[in-house]
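Q: Just to be clear, the model below is a prediction. Sequence and coordinates:
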Amino acid sequence: MFKINREELDGGKKLFSSRFLQLSDDDEMREFLKASEKVTDSTMGQVLMHFRQVLVNFLQKYFGWTRPDARAFAGMSGLYVASERQFESVLKSSAFEGGLASSMLDIGAGTGSETAKIASVLGLDRSDVMTLESSRPLQKILRSKGFSVGDSIPSSSSFSLVSLLNVLDRVDDPHSLIDSSINALAPDGTLLIAIVLPFSGSVEGKHGRKAKPGKKLAIRRQKNEPFEVSALFFIESLVNKHPRLELLNWSHLPYLSVGNSKRTHFVLDMALMSFKVLPPGSVTSLVNDTLAYKQEVQSPSAEEEVESSPSGSEAMCKNKKDDKIFSFLRSTLQSEGMGAPRGWGNVLDAGAGPSSMCFLLRQEFDSITMVTATEDGLYGARQMRTEVKGLESVNVVTGNWEQSGFMEDNTYDVVVADYLLGAVEMYWPHGADGMVDRLINLTKPGGFILVSGLEPYELVLDRKYKDDRLVLDIEAIGESAAFLAGEGTYREIPQSWVLRQMERYGLRVVASKQFAMPLSFKSLSSQINYAKKTLKKIGDLNMRKAYHDRVVALEKELKRWKKENKTFRRGKNYAIVVQRI
């Protein structure tokens with residue numbers, strides 16, 4: 001099982017850390033995985049699984065079924081939250097020592113597999129267990145197992161325990177459901193919550209469609225945040241809205257589901273939490289502690305995502321000063337006559353982000369077009385549109401340069417590719433040379449292309465040096481984990497390659513320069529955190545454990561490196577200015 005990184009939990013009087021419950025792997029989970037593997041370990045099994053998936057798609061497309069209904073009908077609703085022994089550790093170490101439960105309500109019970117485990121731990125007959133499930137095929141399964149099934153929470157209920165196992169991220173109004181759950185509990189009742197983190201809500205609709213929840217939980221976000229921070233931010237959002245919830249314990253577990261014809265199973269990161277509901281008028285000790293922790297966690301910055309109203313480009317860019325690379329690019333264009341009073345004309349930021357956006361907004365220009373590949377997130381179009389709202393000469397476009405014909409009829413006086421070529425691999429595999437073609441075609445004759453990038457570590461570092469090896473290993477573990485998880489990753493492009501491409505097309509190289517790139521403990525830790533986050537998506541459990549062990553070893557080595565007060569200075573960034581003649 002996963003272990004807590006206690007250094008991430010130093011804030012808030014270590015309250016969260018003290019309530020972390022370490023759970024161990026056991027045979028029940030291994031049996032679930034073996035059963036999932038057995039389904040598709042033969043050609044006939046793969047054919048049958050493929051047929052089931054086809055049936056699911058057919059029912060959604062032609063009969064308008066929801067995804068849960070279709071998967072339940074096709075026998076693909078197998079889910080695994082925790083073993084009976086793990087549920088026992090969570091419940092009996094908190095509220096049910098001696099078996100004090102008289103009844104329970106499981107909201108979103110699915111097939112009832114997890115309901116049965118909890119009922120067994122509490123010593124309850126299935127007649128004492130009420131389940132709520134919106135899917136009619138799943139209701140039929142629950143009744144066949146002896147559970148009573150309802151359509152809504154009884155108005156005069158008094159349950160010893162209410163469980164919400166991976167439900168809050170699938171409902172339109174999570175806070176309303178939590179309020180109803182609290183009201184359904186007896187005095188000193190227990191609320192059991194399982195949730196996949198980082199939190200991402202969506203509501204299943206007909207024809208397999210998904211929609212965003214009508215009301216959000218408003219959870220703070222931090223870029224590449226460790227799981228522990230995701231859990232803290234989730235708990236913070238709950239207790240701020242429901243101050244009667246007193247955290248009893250929480251743990252970190254894998255959330256498993258049956259696979260398909262291509263994968264034996266799927267796995268996500270999950271927190272399992274138990275809360276005691278305090279009497280009306282009481283306030284949990286977590287309220288003050290989460291506020292104290294909030295002051296110690298890194299405050300929202302250019303590297304965080306926060307579910308709140310953006311502050312506007314003026315506030316976002318107020319403290320963003322040009323670094324050496326931006327200063328070099330600006331002064332080079334000034335020497336070419338592209339400063340005031342002429343200005344930069346029409347500008348394209350081909351891979352827009354907060355840094356390049358703030359840099360360009362400080363220049364003299366006729367218009368700026370910012371292109372990004374996604375709608376959401378720090379580099380998403382939605383955030384940037386909000387930041388430049390009211391600036392009629394600034395336009396934000398969402399699109400992928402791999403798409404044929406994308407923006408091919410537009411040309412610009414200045415085209416900016418700020419660390420774009422290395423990021424192309426994420427959205428356009430092996431598309432770096434094609435991206436150079438696009439940049440050149442988007443530039444007017446006489447116009448300029450500004451390129452910045454990171455020189456690949458393996459070209460400037462040498463493994464015979466201890467610190468070099470550590471940096472190379474940290475980068476390699478994250479990239480290889482991404483490949484095994486089936487995800488795209490960055491592929492940094494050398495300065496020499498970019499220059500050769502530009503010269504091959506007959507462009508004039510105005511200037512090029514390399515810059516020292518210090519790597520601090522913080523920046524290397526962010527790469528470690530990326531590896532941690534990515535390795536959890538590796539399907540093979542043995543491989544994932546091997547990667548986890550290697551990341552832990554690298555993290556320990558990095559901490560020893562920090563104690564020596566080192567700053568790694570052998571990395572290189574570069575900037576290039578070329579002109580289309």
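A: Cool, the structure landed.
Q: Helices along the stretch 151-300 of the chain, start to end?
A: For the stretch 151-300 of the chain, helices defined by DSSP state H, counting those that start in this stretch occupy the ranges 174-183, 227-241, 286-296.
Q: rank these by mean pLDDT and give me the bottom one.
A: The stretch with the lowest mean pLDDT among the helices of the stretch 151-300 of the chain is helix 286-296, at a mean of 41.
Q: Can you spell out the domain ranges of the chain, please?
A: Using automatic domain parsing, the domain ranges for the chain come out as 6-296, 313-579.
Q: Now do the contacts for the spatially most central residue of the chain.
A: Nearest to the geometric centre of the chain sits P198, at 5.6 Å (CA atoms, centre = their mean). By CB atoms under 8 Å, 6 or more residues apart in numbering, P198 lies in contact with 221, 225, 230. C-beta: built from backbone N, CA, C; applies to glycine.
Q: As JSON lines, those residues with distance to G351 and neighbour count would be great.
A: Shown next, in JSON lines, are the contacts of P198 (distance: CB to CB, whole Å; neighbours: other CB atoms under 10 Å):
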{"residue": "R221", "distance to G351": "22", "neighbour count": "18"}
{"residue": "E225", "distance to G351": "24", "neighbour count": "22"}
{"residue": "S230", "distance to G351": "27", "neighbour count": "22"}
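Q: Out of these, which is nearest to A381?
A: Nearest to A381, judged by CB to CB, of those is R221 at 17.3 Å.
Q: Might one say that that closest one is in contact with F233?
A: Yes: using CB atoms under 8 Å, R221 is in contact with F233, at 7.1 Å.
Q: Mean pLDDT lowest where, among the domains of the chain?
A: Looking at the domains of the chain, the bottom one is domain 6-296 with a mean of 79.
Q: now it, how far from the chain's geometric center?
A: 19 Å (CA atoms, centre = their mean, to the nearest Å).
Q: In terms of secondary structure, what does the strand or helix carrying G447 contact?
A: Element membership of G447, judged by DSSP states H and E, is strand 443-454. Where contact means 3 or more CB pairs under 8 Å, 6 or more residues apart in numbering; DSSP states H and E, strand 443-454 is packed against helix 324-335, strand 412-418, helix 420-427, helix 432-441, helix 495-504, strand 568-579.
Q: quick one: strands adjacent to that strand?
A: strand 412-418 (parallel), strand 568-579 (antiparallel) (DSSP bridges).
Q: Distance to A432 and mean neighbour count for those - can I get that in TSV?
A: Shown next, in TSV, are these (distance: least, CB to CB, whole Å; neighbours: other CB atoms under 10 Å):
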stretch	distance to A432	mean neighbour count
strand 412-418	11	24
strand 568-579	14	19
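Q: Take the ones you listed and write them to JSON lines, including distance to A531.
A: What follows is the strands paired with strand 443-454, written out as JSON lines (distance: least, CB to CB, whole Å):
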{"stretch": "strand 412-418", "distance to A531": "25"}
{"stretch": "strand 568-579", "distance to A531": "17"}
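Q: Let me know which of those strands is the nearest to K92.
A: Among the strands paired with strand 443-454, the nearest to K92 by CB to CB is strand 568-579 (48.4 Å).
Q: Return stretch 36-47 as CSV; C-alpha atoms alone will do.
A: These are the backbone C-alpha positions of stretch 36-47, laid out as CSV (Å, rounded to 0.1, in the frame of the first residue of the first chain):
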residue,chain,number,x,y,z
SER,A,36,-9.6,-9.7,-13.6
GLU,A,37,-6.7,-11.2,-15.4
LYS,A,38,-8.4,-14.6,-15.7
VAL,A,39,-11.3,-13.0,-17.7
THR,A,40,-9.0,-12.1,-20.6
ASP,A,41,-6.2,-14.6,-20.2
SER,A,42,-7.5,-16.6,-23.2
THR,A,43,-8.5,-15.7,-26.8
MET,A,44,-12.1,-16.6,-26.1
GLY,A,45,-12.0,-14.4,-22.9
GLN,A,46,-10.7,-11.4,-25.0
VAL,A,47,-13.4,-12.0,-27.6
